[in-house]
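**Q** the sequence and its predicted three-dimensional model are supplied below.
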Amino acid sequence: MNDNKNIPTLFEWIGDITTFETLFTKFYDKVLKDDLIGGLFEHMSPEHVNHVTHFIAEVFGAGELYSGQDQGSHAKMIGKHIGKMLTEQQRQRWMNLLIQTADEIGLKSDPEFRSAFVGYLEWGTRIAVINSQLTTNPMNEKAPMPTWGWGETKGPYLES
Ligand code: HEM
């Protein structure tokens, strides 16, 4: 159990925005070549990679990169998935490719961080699949951005 009071955000623990940019750039390189999910992204906008990078960085505590700088919102992100009819198999491929990329780029791999990271991905990808079955966006434009922390591990393992 970690009783250190100076607990970094998940974003601080990852290190910096460049690490995040590398993660998602290499992830979408793989996604676009993938037989199961590549087709979903073949018409994605030039801003797509940056927007996803900024969205998740903001959720992890990086500040208002998506909601401020990119003029996005939680509702806008949800809206991008409406009607896409994503399947559980596609969700799992998306998850697996991202975790594979995280390992390849040497993203922090301590148990506490990976538990929080995968917890968020499980939550976010399942919400994307659920919303993708709808035809209209159920989310209010004023809904706050989600935030994600360390969960039950309560922080990285730090020697006290
Ligand atoms: C944590 C989970 C996820 C997050 C945070 C997320 C975030 C986003 C964001 C921010 C956009 C908008 C990008 C833009 O502005 O151009 C987007 C679009 C999209 N996402 Fe996701 N997403 C997630 C999971 C998924 C999954 C699991 C799939 C499919 C397997 C998926 C498929 C798509 C597709 C098809 C688009 C639209 C691409 C286009 O513009 O043509 N997303 N996502």
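**A** Great, that's in hand. Numbers count the residues shown, from 1 in each chain.
**Q** near the ligand, which residues of this protein show up?
**A** If contact is defined as C-beta under 6 Å from any ligand atom, the residues of the chain in contact with the ligand are 37, 40-41, 43-45, 47-48, 51-52, 55-56, 77, 80-81, 84, 86, 90-91, 94, 121, 124-125, 128. Bear in mind the C-beta positions are built from the backbone N, C-alpha and C, glycine included.
**Q** filter those down to the buried ones.
**A** When neighbours are counted using 16 or more other C-beta atoms under 10 Å, the residues of the chain next to the ligand contain these buried positions: 37, 40, 51-52, 55-56, 77, 80-81, 86, 90-91, 94, 121, 124-125, 128.
**Q** residue contacts, Glu47?
**A** In this structure, Glu47 makes contact with Asp70, judged by C-beta atoms under 8 Å, 6 or more residues apart in numbering.
**Q** please enumerate residues in contact with the one helix or strand Phe117 maps to?
**A** Taking DSSP states H and E as the definition, Phe117 sits inside helix 111-132. With contacts defined as C-beta under 8 Å, 6+ apart, helix 111-132 is touched by 2, 10, 13-14, 56, 59-60, 78, 81-88, 90-91, 94-95, 98-99, 102, 107-108, 137-138, 146, 148-153, 155-157.
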